[in-house]
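1. okay, structure incoming, though there's no sequence with it:
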Ligand SMILES: Nc1ncnc2c1ncn2[C@@H]1O[C@H](COP(=O)(O)OP(=O)(O)OP(=O)(O)O)[C@@H](O)[C@H]1O
């Protein structure tokens, strides 16, 4: 966008034109002062009961800086990249061990009062999500942080986090649950145990009505494979998930992304109403329409991690106008300031990037003296701009010369933008004393968890069964297992019936096929479902919905019927079609073995492996499953070698058929007549793998 007007070049006509623009696009729909907003009610349905004054919270964030890790290995030598350490080792340098960090947020300060909607605006990569996540106590562990976030002057505790609603950018919801089920299970887990089940149901119904989800409440959420509710409805369900707890603070990351402007407008209107009920609403927004912009109280404009504007949303255009960047006719305020933040606006003398640096320098100087940001008012030009901004922030000879960035500002910015930040410097700067924590006293007497431990396991089990309803009971799964079972049964039809060595070889084939098919299919299924489920668990744990062990117990218990039901059909078909050992004990043992194998994943099978790596087979659950199934099928039976003849009754020809040692004849990995140590090994494996996964999850979610 070349050459937007400059203040000094404007005549009276331009001024009028500018005013008209402002009226139309920004300040025209000025909101009342922030303090009055608390009393102000946006017309329409009152979404939730207001937050009582004693529970209202003011959120402040002071001098927030965030450093993200980069792949470079850092160090004084400055060598970067994955192989830098290796290269330096070879060349005799001391290898750099610390990861490098890149600063993604620079001293960001701001606050939001109950009743206000604060929007974090900026181009992609500007740092909106990083800041919002930090405010909500959800910054990734790998990031380094400075500065403090306070809720009514106190730090956020784990318990208090349960009163903060956080709507993530991605709608993480279980695809197989209906809207009602999604919110109902969340209510059971999140709402205080002092509420009855009926009251929790009423809360769910209220949220559903408030967000206009009544007509789709019995529709599944859906995913790529199974169509469910629309994108806008999904977003509203995500918001509803957080509204259930009637939060004092609602944080939303890109709630309008992917929505059409009308739906986005309705959603932000709902947020505005929620704020009017005494809540703090902080939201990131990518590209608000002009109508949507009018609903915002405060704005924090981020450009490459720097605050380019902070203050009343309706004063943003005034601010930039005063700095010499007026909004061209017909441009929406949000688009205009986003162009500025994206360095997409240049002047006759300055390139887009220089304009951006200039604006950041002005803003940072102004905010250093006015941490509450631009409040506007009648004295906007004279008092604030005249005395502070023009003299202090842009201490130039005149506005014309202000087109060049100040040398000191340039220095500051280039330094800040550089990627190599020593982690030691960051650590040294971290605050040594922690302020009081919100929720440590305030929450006294209230329970940390919404449901008791037993209730959590029970609710999570019921939900896990429902979330896998399609996975397990889908027609495709049934058809696939039955078709492949019948085909395999036809290939090996009644091969297991006769006790001769030829058929024994065939039987080994079907046993191994059965073992591999069921195990690998299960493993592939888990590979596809685990990432989504893991993310869901992280999100819910961050909201304090349940204990990790309760989740894990419920998930393990639900695995049993869900994972084994359909594969068992496959095993039954094969068992009888292939004529495997006809005894009830053998049949049920085989089913039990399948169950154990199903609950493990991974492994391999090798025959005739060299002795020196022979022990590797003990790392494979497939090996133990294979040995177990061989023992079940062949243990205690006598097999005959009839000189290559496939006789149906070898015992009737003692001269031609002689009993054989099956293990030696077929090179079986174990003697089928020994006791079932393999089953013990399978059980041991099962426990070990589950415990290891639990420990890994525990470590990964330690901070939640
Ligand atoms: N875990 C991480 N590791 C490394 N860099 C990160 C990490 N998280 C964020 N960043 C970097 O921090 C910067 C800010 O990212 P952030 O997601 O906060 O931006 P954003 O304004 O929310 O962008 P968008 O609108 O595209 O979501 C980006 O340059 C990003 O690459």
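-> Cool, got the structure. Not measured: the values here are computed from a predicted model.

2. check contacts around the residue nearest in space to the middle of the chain.
-> Centroid-nearest residue in the chain: residue 535, 4.7 Å away (criterion: CA atoms, centre = their mean). With contact taken as CB atoms under 8 Å, 6 or more residues apart in numbering, residue 535 is in contact with 170, 172. C-beta coordinates here come from the backbone N, C-alpha and C atoms, glycine included.

3. from residue 540, how far out is residue 252?
-> Distance, residue 252 to residue 540, using CB to CB, to the nearest Å: 17 Å.

4. who has more neighbours, these two?
-> A count of neighbours by other CB atoms under 10 Å puts residue 252 above the other of residue 252 and residue 540, at 28 against 20.

5. and the more buried one, what does it touch?
-> 132, 166, 167, 239, 271, 281, 282, 283, 284.

6. can you do 6 Å?
-> Residues counted as contacts of residue 252 (CB atoms under 6 Å, 6 or more residues apart in numbering) are 167, 283.

7. got the phi/psi numbers for it?
-> Backbone geometry at residue 252, expressed as degrees, to the nearest 10, gives phi -130, psi 130.

8. one more: residue 576?
-> Dihedral angles for residue 576 - degrees, to the nearest 10 - are phi -80, psi -30.

9. longest helix in this protein, please.
-> helix 501-542 (DSSP state H).

10. pLDDT (mean, whole number) over it?
-> Per-region confidence: helix 501-542 scores 78 on mean pLDDT.

11. any residue of that helix touching the ligand?
-> No. If you take CB under 6 Å from any ligand atom as the test, helix 501-542 misses the ligand, and the best it gets is 13.9 Å.

12. how distant is that helix from the center of its chain?
-> With CA atoms, centre = their mean, to the nearest Å as the basis, helix 501-542 stands 25 Å off its chain's centre.

13. make residue 1 into 40 and carry on from there
-> Sure thing, new numbering starts at 40, so read that last one as helix 540-581.

14. check which helix or strand residue 322 maps to.
-> Using DSSP states H and E, residue 322 sits within strand 319-324.

15. right, I mislabeled it, should have said residue 89
-> Counting by DSSP H and E, there is no helix or strand that carries residue 89.

16. go on, residue 223?
-> helix 218-229.

17. please confirm that residue 194 is located within a helix.
-> No. Residue 194: not assigned to a helix; according to DSSP: H, G, I helix; E, B strand; the rest coil it is strand.

18. would you say residue 672 is within a helix?
-> Yes. According to three-state DSSP, residue 672 belongs to a helix.

19. which non-adjacent residue is nearest it?
-> residue 620 (5.4 Å; CB to CB, 6 or more residues apart in numbering).

20. hang on, residue 399 packs against residue 345?
-> Yes. Between residue 399 and residue 345 a contact is recorded at 4.4 Å, counting by CB atoms under 6 Å.

21. get me the contact residues on this structure for the ligand.
-> 107-108, 143, 161, 163-169, 179, 181, 325.

22. give me the buried subset of those.
-> Buried members of the residues of the chain next to the ligand, scored by 16 or more other CB atoms under 10 Å, are 107, 108, 143, 161, 165, 166, 167, 168, 169, 325.

23. any idea which element the first one lies in?
-> With secondary structure defined by DSSP H and E, residue 107 is part of strand 98-108.

24. so for that strand, what gets flagged as buried?
-> 98, 99, 100, 101, 103, 104, 105, 106, 107, 108.

25. which ones are touching the second one?
-> Same thing as residue 99. Counting by CB under 6 Å, 6+ apart, residue 99 makes contact with 150, 189.

26. state the pLDDT value of it.
-> In this prediction, residue 99 carries a pLDDT score of 91.

27. same question, the last one
-> Model confidence at residue 108, expressed as pLDDT, equals 85.

28. what's the strand holding residue 322 in contact with?
-> 98, 151, 153, 156-160, 167, 171, 288-294, 310, 314.

29. next: stretch 610-626.
-> Counting by CB under 6 Å, 6+ apart, 524, 527-528, 531, 533-536, 549, 553, 633, 671-672 sit against stretch 610-626.

30. redo the residues you listed as TSV? Include neighbour count.
-> Formatted as TSV, these follow (neighbours: other CB atoms under 10 Å):
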residue	neighbour count
524	23
527	20
528	20
531	22
533	14
534	22
535	25
536	14
549	23
553	26
633	23
671	25
672	21
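
31. least confident pick among the residues you listed?
-> Confidence-wise, residue 633 trails the rest of those, at 67.

32. residues near residue 502, how many?
-> Residue 502 has 24 neighbours, counted by other CB under 10 Å.

33. residues in contact with it?
-> By CB under 6 Å, 6+ apart, the residues touching residue 502 are residue 224.

34. kindly recompute the last result at 8 Å.
-> By CB under 8 Å, 6+ apart, the contact list for residue 502 reads 213, 216, 220, 224, 593.

35. so how far is residue 222 from it?
-> Residue 502 is 12 Å from residue 222, by CB to CB.

36. same deal with residue 168?
-> 25 Å.

37. next, count neighbours for residue 532.
-> Neighbours of residue 532 (other CB under 10 Å): 12.

38. tell me how many other residues crowd the closest residue to it other than its chain neighbours.
-> In space, residue 532 comes closest to residue 616 once its chain neighbours are excluded; the distance is 6.2 Å by CB to CB, 6+ apart. Neighbour count of residue 616, defined by other CB under 10 Å: 21.

39. any idea how far the ligand is from residue 616?
-> For residue 616, the distance to the ligand (CB to the nearest ligand atom, to the nearest Å) stands at 53 Å.

40. can you tell me how far that residue sits from residue 530?
-> 9 Å.

41. ditto for residue 189
-> 70 Å.

42. these two: which is more packed in?
-> Each of residue 189 and residue 530 has its neighbours counted (other CB under 10 Å); residue 189 has more, 19 against 15.

43. could you find the closest non-adjacent residue to that one?
-> Closest to residue 189 by CB to CB, 6+ apart is residue 99, at 4.9 Å.

44. the helices in the stretch 290-439 of the chain, which residues?
-> 300-315, 329-332, 355-361, 372-380, 391-408 (DSSP state H, counting those that start in this stretch).

45. out of these, which gets nearest to residue 700?
-> Of all the helices of the stretch 290-439 of the chain, it is helix 300-315 that lies closest to residue 700, at 73.9 Å by CB to CB.

46. buried stuff in that closest one?
-> So helix 300-315, judged by 16+ other CB under 10 Å, has buried residues 302-315.

47. how about stretch 226-243?
-> Residues of stretch 226-243 classed as buried by neighbour count (16+ other CB under 10 Å): 226, 227, 228, 229, 230, 239, 240, 242, 243.

48. with respect to the ligand, which of the residues you listed is nearest?
-> Checking the buried residues of stretch 226-243 against the ligand by CB to the nearest ligand atom gives residue 229 as the nearest, at 26.2 Å.

49. could you measure that closest one against residue 671, distance?
-> The value you get for residue 229 to residue 671, if CB to CB is used, is 47 Å.

50. same check, this time on residue 391
-> Residue 391 is 74 Å from residue 671, where distance means CB to CB.
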